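S.K.: Got a predicted structure here, sequence first:
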Amino acid sequence: MAKVLVVTSGKGGVGKTTSTAALGAALAQSGSTVAVVDFDVGLRNLDLVMGAERRVVFDFINVIQGTVKLSQALIRDRRLDTLWLLPASQTRDKDALTADGVARVIAQLRQTFDWVICDSPAGIERGAMLAMRHADAAVIVTNPEVSSVRDSDRIIGLLDAKTEKAEKGERVEKHLLITRYDAVRAGKGEMLSIEDVLDILSLPLLGVVPESQEVLCASNIGAPVTLCNASSAPARAYCDAMRRLKGENVPMTIPSDSKHLFGKLFRRRAA
Amino acid sequence: MSIFNWFKRKGRRGSAPVARDRLKVLLEHEGRRRLKSDLLGQLRGEIVAVICRHVTVEPENVQVKMNRGATVSTLAIDIEIPA
């Protein structure tokens, strides 16, 4: 039974695309078939983060308009043969994404894949609403920072009201993923703590991804962070989150690059 | 690091509780939509259950609406009872 997952946040730049790539790759590595779908028409980036930017020939809009078949637009990952990407269009207007077209493509993807992960654009406009429309589950990506938490609260409201499930009186399963977390700063009271964010948003916690240089490093080379350096703190955090998504009971820990942490303390002192 | 910088650093510390309190007040004020939608669903369910104890009504003939105003909100319950 396929599961459609939306990765959303409201606010931009919090790590939706990074999380989509990382969770998609982790799920594919665990043996599931996965399609990651970029809904950010006009500003696509999932292809770049996945390292497939030079292999995009057709896109989501071409499929919606019937120009090509879905199988012609899907790009298979070079590293994992169970991971596929459906890129967004870079040249078209976001209005080219039609409700009927999206419904049709998602239904088709459901037949082929175990997981369909929809990478939502920022904001609460058409693209974001269509990305969450058919979701069975949602990952709300939040930074421990006031504007991100506020926007997440707004998105949670929309997930409870404007999705297909909500309209049928069912519930979209919601998971909170806290990214860019700095345990040292939170410990000093300089950053919202995990407890603060959970208290405000009252959602079950899927995972905590620590702030790490590895994330930028992975996007620089075009690899999901879980594949770029599997032993890094963010990769471990995403792998744990992936196992929780699959229903496993994984104790919640906040991985850290101890070396990195030491370096940070050292730098701080030197400054 | 001069002693003044040290004080500045101290002043910046503990800004997280301020962030938390501001967010709590703000989200309360903005009326958390999800709570609202849950509240209406819950109210509707309980109202239908109470009415059904006394008269036969079709659940779809029970309308519960909330109008939020700046200073006052109203709850409108419209129940169609068969003759």
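M.R.: Thanks, I have the structure now. None of the values given here were measured: they were computed from a predicted structure.

S.K.: Quick check: chain neighbours aside, which residue is closest to residue A:171?
M.R.: Spatial nearest neighbour of residue A:171, chain neighbours left out: residue A:165 (6.4 Å); criterion: Cβ to Cβ, 6 or more residues apart in numbering or on different chains. Placement of C-beta: from N, CA and C, glycine included.

S.K.: Make sure I have this right: residue B:21 is in a helix.
M.R.: Yes - the assignment for residue B:21, made by DSSP: H, G, I helix; E, B strand; the rest coil, places it in a helix.

S.K.: got the contact list for it?
M.R.: Taking Cβ atoms under 8 Å, 6 or more residues apart in numbering or on different chains as the contact definition, residue B:21 lies against nothing.

S.K.: got a pLDDT number for residue A:220?
M.R.: At residue A:220 the predicted local distance difference test score is 96.

S.K.: and it, what element?
M.R.: Secondary-structure assignment from DSSP states H and E places residue A:220 in helix A:213-221.

S.K.: who are the neighbours of that helix, in terms of helices and strands?
M.R.: In this structure, helix A:213-221 packs against helix A:16-29, helix A:46-49, helix A:225-228, helix A:233-245, with contacts taken as 3 or more Cβ pairs under 8 Å, 6 or more residues apart in numbering or on different chains; DSSP states H and E.

S.K.: In the chain, mark out all the strands, start to finish.
M.R.: Unless you meant another one, I'm taking chain A. Taking DSSP state E, the strands of chain A run over residues A:3-8, A:34-38, A:75-76, A:83-86, A:115-119, A:137-142, A:173-181, A:205-210.

S.K.: other chain: chain B
M.R.: Along chain B, the stretches classed as strands by DSSP E are B:62-68, B:73-79.

S.K.: Those: which one's closest to residue A:137?
M.R.: Each of the strands of chain B has some distance to residue A:137 by Cβ to Cβ; the shortest is strand B:62-68, at 28.2 Å.

S.K.: The closest one close to chain A?
M.R.: No - no part of strand B:62-68 sits near chain A under the criterion Cβ under 8 Å from any Cβ of the partner chain; the closest distance found is 13.4 Å.

S.K.: Can you name every helix or strand that that strand contacts?
M.R.: Strand B:62-68 makes packing contacts with helix B:33-54, strand B:73-79 when contacts are defined by 3+ Cβ pairs under 8 Å, 6+ apart.

S.K.: quick one, which of the helices and strands packed on helix A:213-221 is packed in tightest?
M.R.: By mean neighbour count, with neighbours taken as mean count of other Cβ atoms under 10 Å in any protein chain shown, helix A:16-29 ranks first of the helices and strands packed on helix A:213-221 at a mean of 28.

S.K.: For that helix, C-alpha coordinates in PDB please.
M.R.: Taking C-alpha atoms only, helix A:16-29 is exported to PDB below (Å, rounded to 0.1, in the frame of the first residue of the first chain):
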ATOM      1  CA  LYS A  16      12.300  20.900   3.100                       C
ATOM      2  CA  THR A  17      14.300  19.900   0.000                       C
ATOM      3  CA  THR A  18      17.200  18.600   2.100                       C
ATOM      4  CA  SER A  19      14.800  16.500   4.200                       C
ATOM      5  CA  THR A  20      12.900  15.200   1.200                       C
ATOM      6  CA  ALA A  21      16.100  14.000  -0.400                       C
ATOM      7  CA  ALA A  22      17.500  12.600   2.800                       C
ATOM      8  CA  LEU A  23      14.300  10.800   3.800                       C
ATOM      9  CA  GLY A  24      13.700   9.600   0.300                       C
ATOM     10  CA  ALA A  25      17.200   8.100   0.000                       C
ATOM     11  CA  ALA A  26      17.000   6.600   3.400                       C
ATOM     12  CA  LEU A  27      13.700   4.900   2.600                       C
ATOM     13  CA  ALA A  28      15.000   3.700  -0.700                       C
ATOM     14  CA  GLN A  29      18.100   2.300   1.000                       C
END
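
S.K.: Tell me the gap between it and the middle of its chain.
M.R.: Computed by Cα atoms, centre = their mean, to the nearest Å, the chain-centroid distance of helix A:16-29 equals 7 Å.

S.K.: My guess is the residue nearest to residue A:171 contacts residue A:138. True?
M.R.: No - under the contact definition of Cβ atoms under 8 Å, residue A:165 does not touch residue A:138, with a separation of 9.9 Å.

S.K.: any residues in contact with both of those two?
M.R.: With contacts taken as Cβ under 8 Å, 6+ apart, the residues that reach both residue A:165 and residue A:138 are residue A:172.

S.K.: Give me every residue in chain A lying close to chain B.
M.R.: When proximity is defined by Cβ under 8 Å from any Cβ, chain A lies next to chain B at A:145-146, A:149-150, A:153-154, A:156-161, A:169, A:186, A:188-193, A:196, A:199-200.

S.K.: let's see it at 10 Å
M.R.: A:144-147, A:149-150, A:153-161, A:166, A:169, A:171, A:174, A:185-193, A:195-197, A:199-203, A:269, A:271 (Cβ under 10 Å from any Cβ of the partner chain).

S.K.: Weed out the non-buried ones from those residues.
M.R.: A:144-146, A:149-150, A:153-160, A:166, A:174, A:185-186, A:189-193, A:196-197, A:200-201, A:203 (16 or more other Cβ atoms under 10 Å in any protein chain shown).

S.K.: re earlier: what comes up buried for the helix holding residue A:220?
M.R.: So for helix A:213-221, counting by 16+ other Cβ under 10 Å, buried means A:214, A:215, A:218, A:219.

S.K.: any idea how chain B splits into domains?
M.R.: B:1-30, B:31-83 (automatic domain parsing).
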